[in-house]
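Trainee: how does the following fold in three dimensions:
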Amino acid sequence: MKRGNLIVISAPSGTGKTTIVKRILSEMDNIQFSISYTTRKPRPGEMDGKDYFFVDEKTFKNMIEEDEFLEWANVYGNLYGTSKTYVEKILKGGNDVLLDIDVQGGKSIKEKKSDSILIFLIPPSLKELEKRLKNRKSDPEEVIKKRLKIAKSEILEYKNYDFIVMNDILESAVKNVKNIIEAMRHKRKNMEYLIGKILEEE
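Mentor: Purely as a prediction, here's the structure:
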């Protein structure tokens, strides 16, 4: 039976990752978004099992001890993690799993699952990234400066990724990410089940 691919997309804040991820999920078949576990309280409108799996800190830490996460992180005092069991169930069902995580999470995933596909989105330039962050009108100047500094250090992690896609023109970036996913679906190991079916024919 066909097995799905584990796909990680990472990018510095302001690169357009969320927009691209939403486009991929809405425009491609047989791909599911990985729902993370978190100790954060649900925000208005969020649903358990749809936006996140909401658990208490004790449950989350027990899952860490039981090695149930592919990766996990502490973000501003809240814990977030990707469940091995949840991801494996989707992959075994033949669907791809898409993860939207930071560079540290991406590195952890690659260490535990060497066959995962890591895609790194980059801005056309740091000046353009700064412009996009300012256009959001959601962060004060000091926060923007901090995000740009973090962006530089994240970009240096590009070497841990299999593919680099520049988000200069959104449509081109979406197309390039979709092409990568489609190409990986046609790798030999993913097509062997079809070869077997053909050879079994009389």
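Trainee: going by C-alpha atoms from here, please, whenever you check contacts or count neighbours.
Mentor: Will do.
Trainee: so for residue 126, what's the nearest residue that isn't a sequence neighbour?
Mentor: residue 148 (7.4 Å; CA to CA, 6 or more residues apart in numbering).
Trainee: could you report the pLDDT at that neighbour?
Mentor: Each residue has a pLDDT score; the one for residue 148 is 92.
Trainee: elements contacting the helix or strand containing it?
Mentor: Residue 148 is part of helix 141-155, with elements assigned from DSSP states H and E. Under the contact criterion of 3 or more CA pairs under 8 Å, 6 or more residues apart in numbering; DSSP states H and E, helix 141-155 touches helix 126-136.
Trainee: residues of the helix it packs on that come out buried?
Mentor: 129-130, 132-133 (16 or more other CA atoms under 10 Å).
Trainee: give me the number of residues near residue 74?
Mentor: 11 (other CA atoms under 10 Å).
Trainee: from the chain's centre, how far out does the helix or strand bottoming out on mean pLDDT in the chain sit?
Mentor: The helix or strand of the chain with the poorest confidence is helix 188-200; it has a mean of 87 (mean pLDDT, DSSP states H and E). Relative to the centre of its chain, helix 188-200 is centred 28 Å away, using CA atoms, centre = their mean, to the nearest Å.
Trainee: tell me which residues in it are buried?
Mentor: For helix 188-200, by 16+ other CA under 10 Å, it's residue 190.
Trainee: contacting residues around it?
Mentor: 1-4, 184-185 (CA atoms under 8 Å, 6 or more residues apart in numbering).
Trainee: check contacts around the closest residue to residue 38 other than its chain neighbours.
Mentor: Leaving aside its sequence neighbours, residue 38 sits nearest to residue 80 (CA to CA, 6+ apart; 4.4 Å). Counting by CA under 8 Å, 6+ apart, residue 80 touches 36-39, 72-74.
Trainee: mind giving me the ChimeraX select for those residues, buried ones only?
Mentor: Listed next is the ChimeraX selection for buried residues among the contacts of residue 80, using 16+ other CA under 10 Å:
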select :36,37,38,39,72,73
